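S.K.: got a predicted structure here, sequence first:
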Amino acid sequence: MRFSINVPNFGDFADVRALARVASAAEEAGWDALFVWDHVVHVKSERKTFADPWMLLTAAALATSRIKLGTLVTPVARRRPQQLARQVATLDALSGGRVIFGAGLGGPVADEFGAFGETTDKTVLAERLDEGLDLLARYWTGEPVTHHGPHYQVDDVALLPATVQRPRPPVWVAGFWPNRRPMRRAARWDGAVPLFGPGSHGYSPAPEDVRELTDYVHRHREGDGPFEIVVGGTSPADARDLIGPLSDAGATWWDERQWLDSDDIDKYDPVMRRIEQGPPNI
């Protein structure tokens, strides 16, 4: 089991210098990774301060040397794949190959897409996600790409340099369980980041739900390489009774998160106190 810290890209964590301190403290305390959210508004009625996640992760990379860094998660359908490929490859080079790329449909869809006049059709967004992921994997090779799909067109373009990690950074895919389609998508890549119902961010899942998901994903795996099951919540420093059963059920990462409905979700001080306690003891 490995352990990560998860913070939003708004509120106190929109301060790039604060995020760099979070990253440095997490590395010093023995955590394995730092993940940030990728939102532009989240809920448009909330007037919060946001920062670009790739700028935040750049600061984190410069402040650290060991921990993994990435987004949980980037809505690929909201990005131009060629620009996103450049950002990830640049961060992978800067960090010495420490990027994990988390991808998903994104949401809330009405706020993150509809507020800007973009489609809110989840079928179309899912198509863009799948087509965009395939393009990203091809771009990251550094080889020429020609592609004529329903949503993206590319004519003999090579994006150099390739990513430091070969053949590419790990790709983890998020989705709500028990929805099957997102987890079948995850099975084609390197990891699954499930949420167990709306509003469940920060609340630990039941071991039986994790076991059911793990069994489902592994039945749909096409390769035999490493595959991560990433679950999370809010844990005490001694978390044997909480995380041990999740590990037994197949989880490979514990992602430390604030409750979604907590006033502390975007507050620096409580997150730093938990970071400094170190990863859960299991």
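M.R.: Alright, I've got the coordinates.
S.K.: can you give me the helices in the stretch 101-250 of the chain?
M.R.: Using DSSP state H, counting those that start in this stretch, the helices of the stretch 101-250 of the chain run over 109-112, 122-139, 180-187, 207-219, 240-248.
S.K.: so which of the ones you listed comes closest to residue 86?
M.R.: helix 122-139 (8.2 Å; Cβ to Cβ). The way it works is simple: take the backbone N, C-alpha and C, and place the C-beta from them, glycine included.
S.K.: just the buried residues of the closest one, please?
M.R.: By neighbour count on 16 or more other Cβ atoms under 10 Å, the buried set for helix 122-139 is 125-126, 128-133, 135-139.
S.K.: wait, isn't residue 94 in contact with residue 58?
M.R.: Yes - counting by Cβ atoms under 8 Å, residue 58 is a contact partner of residue 94 at 6.5 Å.
S.K.: neighbour count winner among those two?
M.R.: The residue with more neighbours, out of residue 94 and residue 58, is residue 58; 20 against 16, by other Cβ atoms under 10 Å.
S.K.: for the more buried one, give me its contacts.
M.R.: Contact analysis of residue 58 by Cβ atoms under 8 Å, 6 or more residues apart in numbering lists 91, 94.
S.K.: what of the one 10 residues further on?
M.R.: Residues near residue 68 by Cβ under 8 Å, 6+ apart: 4, 32-34, 98-100.
S.K.: do the same with residue 143
M.R.: Contacts for residue 143 were tallied using Cβ under 8 Å, 6+ apart; they are residue 158.
S.K.: likewise the one 10 residues further on?
M.R.: Taking Cβ under 8 Å, 6+ apart as the definition of contact, the neighbours of residue 153 are residue 147.
S.K.: for it, name its beta-bridge partners.
M.R.: According to DSSP bridges, the partner residues bridging residue 153 are residue 148.
S.K.: and it, how far from residue 254?
M.R.: Using Cβ to Cβ, to the nearest Å, residue 153 is found at 41 Å from residue 254.
S.K.: ok, the residue lying closest to residue 165 once chain neighbours are set aside - how many residues close by?
M.R.: By the measure of Cβ to Cβ, 6 or more residues apart in numbering, the closest residue to residue 165 outside its immediate chain neighbours is residue 97, 4.7 Å from it. When neighbours are defined as other Cβ under 10 Å, residue 97 has 13 of them.
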